[in-house]
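1. just a sequence and a predicted model for now, questions to come.
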Amino acid sequence: MPELPEVETVRRGLAPALVGRRIKRAQTRRADLRFPFPERFAARLSGRRVDALERRAKYLLAHLDDGTVWVTHLGMTGRWSILGAKHQPGDFYYAEPPNPAHTHVVLETDAGARLEFNDPRRFGYMDLIAEDALSAHPFFKGMGPEPLGNEFHLPYLKRALTGKKTSIKAALLDQRVVAGLGNIYVVEALHRASIAPTRAAGRIGAARLERLYHAIRAVLEEAIEAGGSTLSDYAQVDGAQGGFQHRFRVYDREGEACTTPECGGTIVRAVHGGRSSFWCPRCQR
């Protein structure tokens with residue numbers, strides 16, 4: 001599933017084609033994705049101007065000129081692309097062209113851009129939510145701060161983890177603690193901070209907690225700069241593959257040597273909570 005850096009990469013790719021543009025025509029080619037589309041979804045998008053395109057956790061938020069927010073979650077295989085437009089935000093190409101049979105939403109803007117949402121597994125979903133009701137919506141209610149935002153700081157992280165007996169990995173994946181962190185980047189941040197994913201969240205010393213805080217921000221910033229990670233179905237808006245997977249230090253490197261200088265350890269893998277954890281038992285404690 002695309003994580004925060006991948007969704008942010010998609011947002012940045014879509015913004016030049018959407019922000020300030022009016023959706024001339026919207027079309028849905030089926031009644032649902034993971035959930036049914038809102039009533040009159042295509043008609044309610046048609047004619048609307050996109051005033052801003054933001055990201056909250058792993059959601060794309062398009063603020064429309066009628067006070068509605070068009071929310072998109074990519075799910076596991078959801079993918080936005082921009083085709084045949086005179087005004088595109090880049091030179092688009094496709095490493096692996098999506099199957100047109102799985103294109104479920106098509107938009108045309110007043111600038112002539114054509115946007116397509118392709119989702120083979122249909123785990124993605126969309127909704128239209130009133131802007132003043134957004135924070136109370138079940139998608140976002142109780143969600144923690146953005147890990148790259150000003151509300152996520154070291155004192156907050158310390159308070160959020162104090163007394164927690166759950167593992168640090170489970171705590172960081174809890175969207176109520178911090179929004180948008182996913183398995184890949186939690187695993188990578190824990191390695192940089194020399195913390196085992198199984199350690200109790202409330203039993204991490206101040207020095208290592210500070211390293212963890214900085215590692216979380218650093219790994220996300222590096223991943224965004226690299227255009228995200230390509231694992232299975234994720235691709236950027238222009239079809240290019242993300243590059244951060246070439247910088248993985250532990251993720252998907254079971255049996256390989258630890259990259260920490262002078263460590264000499266070997267990366268191991270275990271399943272925690274249904275998700276794969278990768279870490280070095282020698283330098284992560």
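-> Perfect, I can see it now.
2. quick one: pLDDT of F248?
-> If you check F248, the pLDDT there is 85.
3. quick check: it vs Q284, distance?
-> For F248, the distance to Q284 (Cβ to Cβ, to the nearest Å) stands at 15 Å. Every residue, glycine included, has its C-beta placed from N, CA and C.
4. over to C263?
-> 9 Å.
5. neighbour-wise, which of the two wins?
-> Between C263 and Q284, Q284 has the larger neighbour count (other Cβ atoms under 10 Å), namely 23 against 14.
6. quick one: what helix or strand has that one in it?
-> Under DSSP states H and E, no helix or strand contains Q284.
7. please, which helix or strand holds the closest residue to it other than its chain neighbours?
-> In space, and not counting its chain neighbours, Q284 is closest to A196: 4.5 Å by Cβ to Cβ, 6 or more residues apart in numbering. For A196, there is no host helix or strand (DSSP H and E).
8. A196: what's it in contact with?
-> The contact partners of A196, by Cβ atoms under 8 Å, 6 or more residues apart in numbering, come to 168, 190, 279, 281, 284-285.
9. going through those, which ones are buried?
-> Buried members of those, counted by 16 or more other Cβ atoms under 10 Å: 168, 190, 279, 284.
10. so what touches the one helix or strand A189 maps to?
-> Using DSSP H and E, A189 maps to helix 183-192. Residues from elsewhere that reach helix 183-192, judged by Cβ under 8 Å, 6+ apart: 3-5, 168-169, 172-173, 196-197, 211-212, 215-216, 218-220, 223, 229, 231, 248-251, 260, 275-280, 284.
11. and the buried ones among these, selectable in PyMOL?
-> To isolate the buried ones among these in PyMOL, judged by 16+ other Cβ under 10 Å, type:
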select buried, resi 3+4+5+168+169+172+173+196+197+211+212+215+216+219+220+223+229+231+248+249+250+251+260+275+277+278+279+280+284
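12. now, the contacts of helix 183-192 that are in helices?
-> 4-5, 168-169, 172-173, 211-212, 215-216, 218-220, 223 (DSSP state H).
13. pLDDT for the residues you listed - can I get that in CSV?
-> Output for those, formatted as CSV (pLDDT from 0 to 100):
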residue, pLDDT
L4, 90
P5, 88
I168, 97
K169, 97
L172, 97
L173, 96
R211, 98
L212, 98
A215, 97
I216, 97
A218, 94
V219, 93
L220, 94
A223, 87
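14. relative to L134, which of those is nearest.
-> L4 (18.4 Å; Cβ to Cβ).
15. you'd agree that closest one is up against G182?
-> Yes - the pair L4 / G182 is scored as a contact, 6.7 Å apart, by Cβ atoms under 8 Å.
16. which neighbours do these two share?
-> With Cβ under 8 Å, 6+ apart, L4 and G182 have common neighbours K58.
17. farthest pair in the contacts of A196?
-> Spanning the widest gap among the contacts of A196 are I168 and P281, at 15.1 Å by Cβ to Cβ.
18. helix/strand/coil for A52?
-> strand (DSSP: H, G, I helix; E, B strand; the rest coil).
19. show me what contacts it?
-> 19, 61-63.
20. show me which helix or strand of the protein is least confident by mean pLDDT.
-> Least confident helix or strand of the chain, by mean pLDDT, DSSP states H and E, is strand 79-83 with a mean of 86.
21. mind saving the C-alpha coords of the helix or strand just after that strand as PDB?
-> For strand 79-83, the following helix or strand on the C-terminal side (DSSP H and E) is strand 103-109. In PDB, the C-alpha atoms belonging to strand 103-109 read as follows (Å, rounded to 0.1, in the frame of the first residue of the first chain):
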ATOM      1  CA  THR A 103      -9.700   2.800 -15.100                       C
ATOM      2  CA  HIS A 104     -12.700   3.700 -12.900                       C
ATOM      3  CA  VAL A 105     -12.700   7.500 -12.800                       C
ATOM      4  CA  VAL A 106     -11.900  10.000 -15.600                       C
ATOM      5  CA  LEU A 107     -11.700  13.800 -15.300                       C
ATOM      6  CA  GLU A 108     -11.200  16.500 -17.800                       C
ATOM      7  CA  THR A 109     -10.200  20.000 -16.800                       C
END
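22. cheers, nothing more for now.
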